[in-house]
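Chemist: after the sequence you'll find the predicted model.
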Amino acid sequence: FFAPWCHWCQKLEPVWEKTAATLQQKYPGDTRLIVGKVDCTAPASEALCIKHRIDAFPTILVFRKDDTGESQHESYHGERSVPAITAWAEHFLAQAKRHIAKTNVVDSDMDGVPDSHNGVGCMVSGLVHVQRAPGMLKIQAASDSHEFHWETMDVSHVINHLSFGPFLSEKAWAVLPPHIAAAVGAMDDRSFTSDQHVPTTHEHYIKVVRHEVSPPSSWKSKAVVSYGYVGHSNNIQKAGEVPTVRVNYDILPVVVQVTEKRQALYHFVTQLCAIVGGVFTVAGIVAAIMDKGVNLMTKKAELGKLG
């Protein structure tokens, strides 16, 4: 899949043509391996490129005879040379002849790095050391050997886990109150989806606060330090905007200290006495009002003023 304006497609074209000629010479008349190309800028092929999510040029995909309409096609990531692509293609012929087991992950040069594999998207994980100052994490497609079609670039993503500060032990998690523990990974397991065929940038704004939770003295353990945050997300859809995921964070210069203190028994007794005394006082006031009302009604009855 290529675009005529793409510099890397122009460099690949003679290699691709020579590879097709080489395979034709080595396997004349063998129709099990067909080398083709698709111009994604042509009106007739635009729908095909959109269907297979072609957003980087050039993209080399494998279409197997037994693939279903929902199959994920392997994409080639190896060296762009005639020997490398030819060896990669011959790997599929060996699979077709049952000389080797069929697999969707191909490592034709046996260097331990797959030349092609199936699947869409990528997983980003790691640990970043940052200053205690506002900053931004930026995730954007970049390549030294591709050009991108930004209008079809999809940066939909799932945040499996995002946290700040040191990793917490099981004992530390047990010390944290539920609302603080939930704030440590407030954006975990959240999905963010881009509108199809609309360049969308996802902007996440995060405010981070340090918590110091001191357990009861009977636990004989140190205070647990954690960093909780609240997040707000927004989508930006603008023509010419390169689809990006931006995580803007601001570590606030404040510390929330949480300390648990148990009340002494005499505090409980005092409060209980206050409640009991209050109940008796209110009951006495109500009884006095009712008694006064009854006496007033009795006097009126004696004077014949009732009714």
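Modeler: That came through fine. No experiment lies behind these values; they were computed from the predicted model shown.
Chemist: by mean pLDDT, which helix or strand of this structure comes out lowest?
Modeler: The helix or strand of the chain with the poorest confidence is strand 116-117; it has a mean of 48 (mean pLDDT, DSSP states H and E).
Chemist: quick one: strands adjacent to the helix or strand just after that one?
Modeler: The helix or strand immediately downstream of strand 116-117 is strand 135-139, counting by DSSP states H and E. Strand 135-139 sits in its sheet next to strand 245-259 (antiparallel), going by DSSP bridges.
Chemist: averaged pLDDT, the helix or strand where Pro14 lies. What do you get?
Modeler: Using DSSP H and E, Pro14 maps to helix 7-26. Regarding helix 7-26, the rounded mean pLDDT is 89.
Chemist: show me what counts as buried in the next helix or strand after it.
Modeler: Scanning forward in sequence from helix 7-26 by DSSP H and E, the next helix or strand is helix 46-51. When burial is assessed from 16 or more other C-beta atoms under 10 Å, helix 46-51 yields the following buried residues: 49-50. Every residue, glycine included, has its C-beta placed from N, CA and C.
Chemist: check which helices and strands helix 46-51 is in contact with.
Modeler: The helices and strands touching helix 46-51, judged by 3 or more C-beta pairs under 8 Å, 6 or more residues apart in numbering; DSSP states H and E, number zero.
Chemist: buried stuff in the helix or strand Thr270 falls within?
Modeler: Following DSSP H and E, the helix or strand that holds Thr270 is helix 265-302. The neighbour-count check on helix 265-302 (16+ other C-beta under 10 Å) flags nothing as buried.
Chemist: same question for stretch 149-157.
Modeler: 149, 152-155, 157.
Chemist: closest to Lys138 among the residues you listed?
Modeler: Closest approach between the buried residues of stretch 149-157 and Lys138, by C-beta to C-beta: Val155, at 11.3 Å.
Chemist: how close does that closest one get to Asp30?
Modeler: Counting by C-beta to C-beta, to the nearest Å, the gap from Val155 to Asp30 is 41 Å.
Chemist: now Val128
Modeler: Relative to Asp30, and taking C-beta to C-beta, Val128 is found at 51 Å.
Chemist: and if you look at Gln131?
Modeler: 60 Å.
Chemist: re the thing from before, pLDDT of the helix holding Thr270, averaged?
Modeler: 84.
Chemist: so how far is that helix from its chain's centroid?
Modeler: Distance of helix 265-302 from its chain centroid, counting by C-alpha atoms, centre = their mean, to the nearest Å, is 62 Å.
Chemist: contact partners of stretch 270-279?
Modeler: Contacts to stretch 270-279, defined as C-beta atoms under 8 Å, 6 or more residues apart in numbering, come from no residue at all.
Chemist: oops, could you answer that again for stretch 182-196 instead?
Modeler: Against stretch 182-196 from outside (C-beta under 8 Å, 6+ apart): 154-163, 168, 176, 200, 202, 204, 206, 209, 211, 226-231, 233, 235, 237, 243.
Chemist: Gly165: what's it in contact with?
Modeler: Gly165 neighbours (C-beta under 8 Å, 6+ apart): 210, 225-227.
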